[in-house]
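Quick check, what structure comes out for this input:
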Amino acid sequence: MQITDYVEQWGNTYAIEVANIDPDYACEIFQSCQQEPIIAESGLTSSIAFLDFMGVNGMNQSMAIITFNLVADANATLGGEGYSCGMPVPSDGIVSNYTLVTNSTCSYCAEVCQAPAVNADVAFFDGFNFKTTGYCYLFIVLFVTSYQILTKCVFKRKPPTRIANLRAGPEGASSFLNPGVGKLNQTVETSMASM
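Have a look, this model is predicted:
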């Protein structure tokens, strides 16, 4: 790593450091941390963005702002042994001189997660519940039948009196439907009688 400058922020002096890192090693680091909540929530999708994000977020602890360049030269880059997040940790819990290391869980590493058992055979009636559907149809038939019986037999309407007068005879019908018809009939009868 190389210090290129210093910057003063919030009453502190931070060194700006540039580190060259092998692209494959950066990718291994990013993939091993990709499901960590802070990384997953930030929406980072590339190894260089991830490393720069970590280099800036760690400035309060390291008193440095670290940026990264992807360089494929093995002699001029940060490198090391990258471990897969699904790698089983030895029983003593020591990996690369780090102690108390534990195996990763499915929450943080997709490699550790067991694939769900999926049945790819899908039939036409999969997920169809005959019992529930039968009860629904039975309810609909009973409801409609009950409604029809109640409206046609139990709560039978009595016809209004005007309709009863219509049924009484043709004179009532003609005068009810068209009040002028009765007068017209009387006028015709009167004029016929006067001839």
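
Check which helices and strands the longest helix along the chain is in contact with.
Longest helix in the chain by number of residues, with DSSP state H as the criterion: helix 130-149. Under the contact criterion of 3 or more CB pairs under 8 Å, 6 or more residues apart in numbering; DSSP states H and E, helix 130-149 touches no helix or strand at all. Just so you know, the C-beta spots here come from the backbone N, C-alpha and C atoms, and that holds for glycine as well.

For it, buried residues please.
When burial is assessed from 16 or more other CB atoms under 10 Å, helix 130-149 yields no buried residues.

model confidence over it, on average?
Taken as a whole, helix 130-149 carries a mean pLDDT of 93.

In its sheet, which strands sit next to the helix or strand hosting Thr67, and in what direction?
In this structure, Thr67 is located in strand 64-70 according to DSSP states H and E. As defined by DSSP bridges, the strand partners of strand 64-70 come to strand 12-21 (parallel).

just the helices in this protein please.
With DSSP H applied, the chain shows helices at 23-33, 37-42, 47-57, 59-62, 130-149, 161-168, 170-177, 179-194, listed in chain order.

and the residue most central in space within the chain, what pLDDT?
Nearest to the mean C-alpha position of the chain, by CA atoms, centre = their mean, lies Glu41 at 17.2 Å. Note for Glu41: predicted pLDDT of 77.

Same question for the one 3 residues further on.
Looking at Leu44, its pLDDT reads 80.

What residue spans form the domains of this structure?
2-76, 124-183 (automatic domain parsing).

okay if I get those as TSV plus distance to Val101?
Formatted as TSV, these follow (distance: least, CB to CB, whole Å):
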stretch	distance to Val101
domain 2-76	12
domain 124-183	45
